[in-house]
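**Q** What would the 3D arrangement of this be:
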Amino acid sequence: MSAIYLPCLEGQPNGQFPSPDCALASPQGLLAYGGDLLPGRLIAAYQQGIFPWFSEEDPILWWSPDPRAVLPIDAFHLSRSMQRFLRHCPYRVTLNHNFRAVIEGCASTHLDGTWITEEVITAWCNLAAMGQAHSLEVWCENELIGGIYGMALGGIFCGESMFSRQPNASKLALFKLCHHFSAYGGELIDCQILNPHTRSLGAREISRQQFLTQLADLQKRIIPSECWAKKRLF
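**A** Residues are numbered from 1 along each chain as shown. So this is what the prediction gives:
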């Protein structure tokens, strides 16, 4: 059996990653390890279609899977039951009101949420403070019951995680993200890996090369800064 070579990013410049074409077939999409989660490296990674995903006991692992899960905004599936729910919805949705609470909610409610370590939380909160990462919060009265967070690159939103403590909360967060982002010229949500929940909402798989082509094009799109200003959406 031949040895598998996995590049190490220790000591490498922030923006320097192997080509996504070099990612392993098994485990699917694993590209490199090591480095750090400083803002420059994280932003450069997402600009190249790469994201970190690792457990607390692992080194930082970097991925670019093939196929890639995406949700074209105009393909969001609003079910009849969700339409009925929206007519009498008791929730409200805000944008960029409490990023830390959302990422901590994702960490605490996901059975596989151990990858959202304190290191990851700190890294993403730093990005949010710089205006590079954004969150949508879903509230029932004054209680945070759901949300979603990620990074916007022009016309693409790289969704990292979402959570729900009450029925339909995460669906509402994603629906309002699509509706709001589309109004400012946004076109695509990167879902990274397809799962039954995102599939039911309209996400689908495309090849890595197709995703990288769309990413290169969409991140050049100029989105007005007003899109990500703190506000109530619903």
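
**Q** looking at the sheet around Ala32, what are its partners?
**A** Beta-bridge partners of Ala32, counted by DSSP bridges, are Trp62.

**Q** Any idea how many residues pack against it?
**A** 24 (other CB atoms under 10 Å). (Each C-beta comes from the backbone N, C-alpha and C, glycine too.)

**Q** who touches it in this structure?
**A** Listed by CB atoms under 8 Å, 6 or more residues apart in numbering, the contact set of Ala32 reads 6-9, 17-18, 61-62.

**Q** So which of these sit within strands?
**A** 61-62 (DSSP state E).

**Q** Show me the residue sitting in the middle of the chain in space.
**A** Centroid check for the chain by CA atoms, centre = their mean gives Gly159 as the closest residue, at 1.7 Å.

**Q** Can you check which helix is longest in this structure?
**A** In the chain, assigned by DSSP state H, the helix with the most residues is helix 169-183.

**Q** what's that helix packed up against?
**A** When contacts are defined as 3 or more CB pairs under 8 Å, 6 or more residues apart in numbering; DSSP states H and E, helix 169-183 packs onto helix 80-87, strand 92-95, strand 133-140, strand 143-153, strand 156-164, strand 188-192.

**Q** Identify whichever of the ones you listed lies nearest to Glu57.
**A** For the helices and strands packed on helix 169-183, the distance to Glu57 is smallest for strand 156-164, at 19.6 Å, taking CB to CB.

**Q** in that closest one, what's buried?
**A** 156-164 (16 or more other CB atoms under 10 Å).

**Q** how far does it sit from the chain's center?
**A** Mean C-alpha position of strand 156-164 versus that of the full chain (CA atoms, centre = their mean, to the nearest Å) differs by 4 Å.

**Q** and it, which strands flank it?
**A** strand 143-153 (antiparallel), strand 188-192 (parallel).

**Q** How much space separates Ser19 from Gly40?
**A** For Ser19, the distance to Gly40 (CB to CB, to the nearest Å) stands at 19 Å.

**Q** ignore the last one, Gln47
**A** The value you get for Gln47 to Gly40, if CB to CB is used, is 11 Å.

**Q** Ile60 now?
**A** Ile60 is 14 Å from Gly40, where distance means CB to CB.

**Q** Please say which of these two ends up with more neighbours.
**A** Ile60 (19 against 11).

**Q** what's the more buried one in contact with, if anything?
**A** By CB under 8 Å, 6+ apart, the residues touching Ile60 are 9, 33-37, 52, 54.

**Q** swap in Ala128?
**A** 96, 99-100, 134-135, 149.

**Q** so can I have a markdown table of those residues showing neighbour count?
**A** Listed next are the contacts of Ala128 as a markdown table, based on neighbours: other CB atoms under 10 Å:
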| residue | neighbour count |
| --- | --- |
| Asn96 | 18 |
| Phe99 | 21 |
| Arg100 | 15 |
| His134 | 22 |
| Ser135 | 26 |
| Tyr149 | 28 |
